[in-house]
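In: Predicted coordinates and the sequence they were generated for:
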Number of protein chains: 2
Amino acid sequence: MEDTGWRPVKRTRTFEDVLAQIERRIAEDGLTVGDRLPAERQLAEQLGVSRSSVREAMRVLETLGVVSSQVGRGPDAGAVLTSRPDSALTDLLRLHLGLASLEMREVIDTRHMIEQWAAAQAATAGADTSALAAALAGMDGARTAEEFVEYDTAFHCAIADASGNRLIAAIMRSLRDSMRRYSVEAVQRLGDTSVLRADHVRILEAIERGEAGEATEAVSEHLAHAYPSLFR
Amino acid sequence: MEDTGWRPVKRTRTFEDVLAQIERRIAEDGLTVGDRLPAERQLAEQLGVSRSSVREAMRVLETLGVVSSQVGRGPDAGAVLTSRPDSALTDLLRLHLGLASLEMREVIDTRHMIEQWAAAQAATAGADTSALAAALAGMDGARTAEEFVEYDTAFHCAIADASGNRLIAAIMRSLRDSMRRYSVEAVQRLGDTSVLRADHVRILEAIERGEAGEATEAVSEHLAHAYPSLFR
């Protein structure tokens, strides 16, 4: 294409300018989790923009899990900075799975990678396994596939938590939440959950004994049992 | 706490109802990437809500990378469904790093996990390495740390792409984008990039020869060279 010397004008939308200013203030003023942003009305006045532009920027920040939603707080309360990367990730994964721009196979392979890593880290670090044991007891008492999956999710998220890496834990939680319906169907198809139980005990005991290699292998075999058609 | 028989009323906000309906239509009508949603005005009329509620829902969907922004398309053009999980993830990570609700160490450990996995997958699958070779040539010609990091990012994202898993690739791209400034500073501190070059060649050749174990180890040593103070 001939270079005409003209460059396309980058049109930014008002809410994007609002977002950029909020992000700059967070970086420069060292605002952190728990701090409050100015109220919508006040921000709109100070920035010289409409309140709806401020509101759109706030929806984006809520979506990304960095400000809390202010339902029922009244129009004068400013949004509070928060740390919920997992809720944002869950929405993202669920929608992309819904659009078929991601496949369940990609999600399960990602889960496999994370869970092997986290189990090895937890075993090496001698992490506290009480949350894993509690989730195991919950699965034993579960009366429906839904209830089983709830405790199963708690068990696997506890492994990620035990790794000590909050980003890994957030990704794991969002992977599990976004595939919840799929997991329930997998448990229903399986019927008997005794194989899964034995896998969970094996993973728990390997972490308790500090055996990273055994924990990693136990995770692999568990996923092969849980998703025989998808797992490689 | 005493059970009074009352349950808190869950207040939903109008834009959340709009979001839920759009998500349901995506699931039920099999809408997919490239399909167009109704225009803002039309959606607002059909749902019986204000246009600003529709606009807020659209901002959320844009933020999550599932609809494209419609700058300059006019008010009658509906948003197009899209697949950009990496841009959403990048915003999410950058903001959480800015808020210090995530630490750089957690991001780098996550990158290490992903990159080892992806390099091993790429080696095992005999993936095409031409994008890696091109990025390597780019680094050799780079005149500034910024330019070096641009090609370095391309090299490492190409490893993730070569794994064939789009979720892993999206996470890698967002990790690299969110730590761009940090990477530039690391390269400036290092000064001489010849050690990094040798690492890149080693990774590339291991993948080309299909040696998964060697590729994994080369990735580890490379990160230790690149981030000596953070990497364990």
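Out: Yep, it's here. Numbers count the residues shown, from 1 in each chain, chains lettered A, B, ... in the order given.
In: Show me how chain A divides into domains.
Out: Under the assignment automatic domain parsing, the domains of chain A span A:14-83, A:86-226.
In: mean confidence for the last one?
Out: Throughout domain A:86-226, pLDDT has a mean value of 93.
In: Regarding it, how distant is the last residue from the first?
Out: With Cα to Cα, to the nearest Å as the measure, the first residue of domain A:86-226 is 23 Å from its last.
In: next one: that domain to chain centre, how far?
Out: Relative to its chain's centre, domain A:86-226 lies at 13 Å (Cα atoms, centre = their mean, to the nearest Å).
In: and residue A:49, that's in a helix?
Out: No. Residue A:49 is assigned coil when assessed by DSSP: H, G, I helix; E, B strand; the rest coil, not a helix.
In: Can you get me a residue count around it?
Out: 18 (other Cβ atoms under 10 Å in any protein chain shown). Heads up, the C-betas are built off the backbone N, CA and C, glycines and all.
In: got the contact list for it?
Out: A:14, A:17-18 (Cβ atoms under 8 Å, 6 or more residues apart in numbering or on different chains).
In: Please name every helix or strand in contact with the one helix or strand residue A:135 maps to.
Out: Taking DSSP states H and E as the definition, residue A:135 sits inside helix A:130-140. Packing contacts for helix A:130-140, counted by 3 or more Cβ pairs under 8 Å, 6 or more residues apart in numbering or on different chains; DSSP states H and E, involve helix A:145-162, helix A:194-208.
In: ok, and which of those helices has the densest surroundings?
Out: Scoring those by mean neighbour count under mean count of other Cβ atoms under 10 Å in any protein chain shown gives helix A:145-162 as the most buried, with a mean of 22.
In: where do the helices sit along chain A?
Out: A:14-29, A:40-47, A:51-63, A:85-98, A:104-125, A:130-140, A:145-162, A:166-178, A:180-190, A:194-208, A:212-226 (DSSP state H).
In: close to chain B, is the second one?
Out: Think helix A:40-47. No. Shown here: helix A:40-47 not in contact with chain B (Cβ under 8 Å from any Cβ of the partner chain), separated by at least 12.6 Å.
In: avg pLDDT for that helix?
Out: 92.
In: now it: how far from the chain's centre is it?
Out: The answer for helix A:40-47 is 32 Å, by Cα atoms, centre = their mean.
In: What angle do helix A:14-29 and that helix make with each other?
Out: Helix A:40-47 runs at 90 degrees relative to helix A:14-29, counting by axes from the mean of the first three to the mean of the last three Cα atoms, to 10 degrees.
In: residues making contact with helix A:40-47?
Out: A:17-18, A:21, A:37-38, A:50-51, A:53-55, A:58, A:75-76, A:78.
In: what's the farthest-apart pair in these?
Out: A:17 and A:76 (23.1 Å; Cβ to Cβ).
In: circling back: mind checking the helices of chain A for the one nearest to residue B:136?
Out: Of the helices of chain A, nearest to residue B:136 by Cβ to Cβ is helix A:104-125, at 25.4 Å.
In: so what does that closest one touch, helix or strand wise?
Out: helix A:85-98, helix A:145-162, helix A:166-178, helix A:194-208, helix A:212-226, helix B:104-125, helix B:166-178.
In: 6 Å instead?
Out: helix A:145-162, helix A:166-178, helix A:212-226, helix B:166-178 (3 or more Cβ pairs under 6 Å, 6 or more residues apart in numbering or on different chains; DSSP states H and E).
In: Output those in JSON lines; the columns should cover distance to residue A:128.
Out: JSON lines is the format used below for the helices and strands packed on helix A:104-125 (distance: least, Cβ to Cβ, whole Å):
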{"stretch": "helix A:145-162", "distance to residue A:128": "7"}
{"stretch": "helix A:166-178", "distance to residue A:128": "14"}
{"stretch": "helix A:212-226", "distance to residue A:128": "15"}
{"stretch": "helix B:166-178", "distance to residue A:128": "27"}
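In: would you turn the helices and strands packed on helix A:130-140 into a markdown table with distance to residue B:209?
Out: Listed next are those as a markdown table, based on distance: least, Cβ to Cβ, whole Å:
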| stretch | distance to residue B:209 |
| --- | --- |
| helix A:145-162 | 34 |
| helix A:194-208 | 33 |
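In: Relative to chain B, which of those is closest?
Out: helix A:145-162 (11.3 Å; Cβ to the nearest Cβ).
In: Contact partners for the residue nearest to residue A:155 when sequence neighbours are not counted?
Out: In this structure, residue A:155 finds its nearest non-sequential neighbour in residue A:135, 3.8 Å apart by Cβ to Cβ, 6 or more residues apart in numbering or on different chains. Residues near residue A:135 by Cβ atoms under 6 Å, 6 or more residues apart in numbering or on different chains: A:151, A:154-155, A:158.
In: Now do residue A:135 against chain B, distance only.
Out: 23 Å (Cβ to the nearest Cβ, to the nearest Å).
In: With just CA atoms, put the helix holding residue A:135 into CSV.
Out: Extracted C-alpha coordinates of helix A:130-140, given in CSV (Å, rounded to 0.1, in the frame of the first residue of the first chain):
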residue,chain,number,x,y,z
SER,A,130,-6.0,-30.1,56.3
ALA,A,131,-8.2,-28.5,53.6
LEU,A,132,-7.6,-31.5,51.4
ALA,A,133,-8.6,-33.9,54.1
ALA,A,134,-11.8,-31.9,54.9
ALA,A,135,-12.8,-31.9,51.2
LEU,A,136,-12.2,-35.6,51.0
ALA,A,137,-14.6,-36.1,53.9
GLY,A,138,-17.1,-33.9,52.1
MET,A,139,-17.0,-36.1,49.0
ASP,A,140,-17.5,-39.2,51.1
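In: now the angle between helix A:145-162 and that helix, please.
Out: 170 degrees.
In: which one of residue A:17 and residue A:76 has more residues nearby?
Out: More neighbours surround residue A:17 than the other of residue A:17 and residue A:76, with 14 against 9 (other Cβ under 10 Å).
In: Could you measure from residue A:80 over to residue B:98?
Out: 16 Å (Cβ to Cβ, to the nearest Å).
In: likewise residue A:15?
Out: Taking Cβ to Cβ, one finds residue A:15 at 18 Å from residue B:98.
In: between the two, who's got more neighbours?
Out: residue A:15 (22 against 18).
In: quick one, what contacts the more buried one?
Out: Counting by Cβ under 6 Å, 6+ apart, residue A:15 has contacts A:53, A:56-57.
In: cool, residue A:163 as well?
Out: A:118, A:121-122.
In: Output the residues you listed as a markdown table; include the columns neighbour count.
Out: As requested, the contacts of residue A:163 are exported to a markdown table (neighbours: other Cβ atoms under 10 Å in any protein chain shown):
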| residue | neighbour count |
| --- | --- |
| A:118 | 29 |
| A:121 | 22 |
| A:122 | 27 |
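In: For residue B:181, which of the helices of chain A is the nearest?
Out: helix A:14-29 (10.6 Å).
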